Structures are given as structure tokens and as C-alpha cells.
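A.B. asks: Would you be able to build a 3D model of this:
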Amino acid sequence: MAEPGRLLEYIFSFYFISHIPITLAVDMQALLPRSMFPGALQGLLDWYSARFKDPMLLDPPPWFSVFILCEAVLQMPFFPFAAYAFYKGSCSWIRIPAIVYSTHVATTVVSILGHILFNDFSKSTYPGPNTLSERFTLTAIYIPYLIIPLLILLTMLFSKRYNSDGKQKRK
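C.D. replies: As a prediction, this is how the structure comes out:
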């Protein structure tokens, strides 16, 4: 059985590996013309948006488009390196980039969650969550993208695997 720290690293690796196709196939449709994507991927986004009442990917507010741009330009190139580092385990070189990534993503997801919970979607082009149950359901879709980065941040800050400074204690 894997030790808890190693299990977290495998979870982090899976998170980054799974994030690559989600970013390329779904999230990028909010940024690029949808005609660039195969009909099946457009259908997937349409199904998701209707099923979970998430209008942000079909009709993104400007601030959300900026978040997707950051995901494409800053985060996406990081995903394969992070997936490798966490799969391999104890790669100290990933510490600072992972701290930057996790704080950036946690901040953006908090903004998205605030929008989901408090925005008036009655004037949205596409149906958004109106009931508390619909808002909580959509929140549940986004919350792993807050929890995992926070776990990454805590691991990078407090785990001896990533936070050893290499200095000997002085007597």
C-alpha cells in the first residue's frame, strides 16, 4: 500500500493528466471558435452546459474568458511537467511552479464559485442555475478544481518531501 504522501502524488498526477484533454476538448471551446472543434466535442459541451446549467463555457463573461486564456497559455504547458513530477514523486524542482499554479487556480476558482452561487442568471443567453440545488450541483463540478490545488499548495508548503531546505541544524 502506498504511503499517504505518495498516494497524494498519484492523485495530483492523475489530476494533471486528466486536465489536459478537458482543457483542450472542452474549456478551449469558450475561447476559440466552436467551429474549430469536431461536432462530438461541441455536443459534449452542449450536453454538459444543459445538464449542469453552466452557461459560462457557451457564453463566457469577459473575466471568465481571461481565466480560460490563462489556462491555455500558462497552465496547459505546465500540466505535462506536473503530471510527470508527481508521478515520479519527490521532484523538488516542481515545488515553486506548483505553488504558483495552485495559488493562481485556487484564486480563479473562488471567483467562479462566487459567480455560480451569487450571480443572477435570469438574463443569461443559456440556462444557468436558478435554484439552490442547481447552484450546489454546479459548485460540486468546480469544487475539485479548488480542493486539489489547495492540497497541492499545502503539500508544497509543509511536506518534508518538497520543503527541505538542505541545511544542517546548527548546535
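A.B. asks: longest single helix anywhere in the chain?
C.D. replies: As assigned by DSSP state H, the longest helix anywhere in the chain is helix 95-118.
A.B. asks: neighbouring contacts of stretch 137-147?
C.D. replies: Residues external to stretch 137-147 that are found in contact with it (Cβ atoms under 8 Å, 6 or more residues apart in numbering): 15, 52-54, 105-106, 109-110, 112-113, 116-117, 129. Every residue, glycine included, has its C-beta placed from N, CA and C.
A.B. asks: what is the rounded mean pLDDT of it?
C.D. replies: The average of the pLDDT scores along stretch 137-147 is 98.
A.B. asks: Over to stretch 76-87?
C.D. replies: 98.
A.B. asks: Equivalent analysis for stretch 91-99, please.
C.D. replies: pLDDT averaged over stretch 91-99 gives 97.
A.B. asks: How far does it stretch from one end to the other?
C.D. replies: Using Cα to Cα, to the nearest Å, one end of stretch 91-99 lies 13 Å from the other.
A.B. asks: list the buried ones in that stretch?
C.D. replies: The neighbour-count check on stretch 91-99 (16 or more other Cβ atoms under 10 Å) flags Cys91, Ile94, Arg95, Ala98, Ile99 as buried.
A.B. asks: what about that stretch, distance to the chain center?
C.D. replies: Here the centre of stretch 91-99 is set off from its chain's centre by 17 Å, with Cα atoms, centre = their mean, to the nearest Å.
A.B. asks: What of stretch 101-112?
C.D. replies: For stretch 101-112 - counting by Cα atoms, centre = their mean - the centre lies 8 Å from the chain centre.
A.B. asks: Likewise for stretch 118-138?
C.D. replies: On Cα atoms, centre = their mean, the centre of stretch 118-138 falls 21 Å from that of its chain.
A.B. asks: Now do it: distance from first to last residue.
C.D. replies: OK, stretch 118-138 end separation, Cα to Cα: 12 Å.
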